[in-house]
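K.L.:
I would like to see how this sequence folds:
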Amino acid sequence: MQNVNEDTITEIVLSRHADSGDERLKQIVTSLVKHLHSFARDVNLTEEEWFKGIQFLTDVGHITDDKRQEFILLSDTLGLSMLVTALNNRKPKGCTEATVFGPFFVEGAPEYENGDDVANGAKGEPCFVSGKVTGTHGEPVGNAHIEVWQADSDGFYDVQHAELAQSQARGSLRSRADGTFHFKSITAESYPIPHDGPVGRMLKALGRHPWRPAHLHFMIEAPGYERLITHVFRAGDQYLNSDAVFGVRSSLIADWQQHPAGRAPDGSDCPTTFSTLDFTFVLNPVGVETSGDAGKTAAVSASS
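P.N.:
Numbers count the residues shown, from 1 in each chain. You can find the predicted model right below:
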């Protein structure tokens, strides 16, 4: 009989899965157990604190449904989502950087043609978005599948409006043969992440705000290129340096040009003020090695 105590428990737990046939799973769980046990020892975790932690995770699970992913929100606000994104999206210089996916992506967004209004009635100032999808040598990427989604001017995504019967400020379209695309939507505004649940209570207890800087989500896919999940952030936003989910990258900040009421880029007469955004997305070809990958390859070769 093994004597289980605070000094022996970690190695005993690790020995239980030492014969796992899944080496990657064993590596992950081994590291997880070691770090969890080290954390408990480091803070001298009390039983009361442990029970509160279990209750917190239980609450996160209870509020999660098909419209709200509180676990992603938790990962986002702890910086884990951005860390995993950075680790898995090293790209050659010049490629558009990736950032967090966020909890409000929805499969099966409505399809639009270039020039269409993807806002579809969403509340906000009109915004005319244009851009281009290219490869690393400037070659146009035609027929790229572009998904775009954003919050309305009240700070809510369409899936947060229970009364809505259709998608708003969300859609998909294709780039033209020359890589260009354009659509109409609404001007991005800063907004708070959902903070009426356990993650919000955590932020409040830590003295943190729940705000995200204004941004527009993009997911772009094209044959022969790596999928890109990113945002374009609005320059000058007060939360650029304190994004609640740590997603800002300086290369993703762009100017939303403001215009008075009048002739819009699509030739229509806009009765209100509006904004325009133009951004070029540079995709990384599949199989192109990054400097980070090269370093890892060299390290493996040296040790083998």
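K.L.:
C-alpha only now, for contacts and for neighbours.
P.N.:
Noted.
K.L.:
now what about the lengthiest helix in the chain, what contacts it?
P.N.:
Taking DSSP state H as the criterion, the chain has its longest helix at helix 23-43. Residues outside helix 23-43 that contact it (CA atoms under 8 Å, 6 or more residues apart in numbering): 10, 13-14, 17-18, 20.
K.L.:
make it 10 Å
P.N.:
6, 9-11, 13-15, 17-20, 44-46, 50 (CA atoms under 10 Å, 6 or more residues apart in numbering).
K.L.:
closest to V100 among those?
P.N.:
Taking CA to CA as the measure, V100 lies nearest W50 of these, at 29.2 Å.
K.L.:
how far out from the middle of the chain is stretch 13-22?
P.N.:
With CA atoms, centre = their mean, to the nearest Å as the basis, stretch 13-22 stands 34 Å off its chain's centre.
K.L.:
Not including adjacent chain positions, what is the nearest residue to W211?
P.N.:
P192 (4.0 Å; CA to CA, 6 or more residues apart in numbering).
K.L.:
Can you pull the phi/psi pair for that neighbour?
P.N.:
As for P192, its main-chain torsions (degrees, to the nearest 10) stand at phi -90, psi 140.
K.L.:
quick one, what contacts it?
P.N.:
154-156, 200, 209-213, 243-244.
K.L.:
ok, 7 Å please
P.N.:
Applying CA atoms under 7 Å, 6 or more residues apart in numbering to P192 gives the contacts 155, 210-212.
K.L.:
Now, those that are in strands?
P.N.:
Among the contacts of P192, the residues falling in strands (DSSP state E) are 211-212.
K.L.:
farthest pair in the contacts of P192?
P.N.:
Within the contacts of P192, two members stand farthest from each other by CA to CA: G155 and P210, at 11.7 Å.
K.L.:
And for S130, the neighbour number?
P.N.:
A count of nearby residues for S130, using other CA atoms under 10 Å, gives 18.
K.L.:
Confirm it sits in a strand?
P.N.:
Yes: counting by DSSP: H, G, I helix; E, B strand; the rest coil, S130 is found in a strand.
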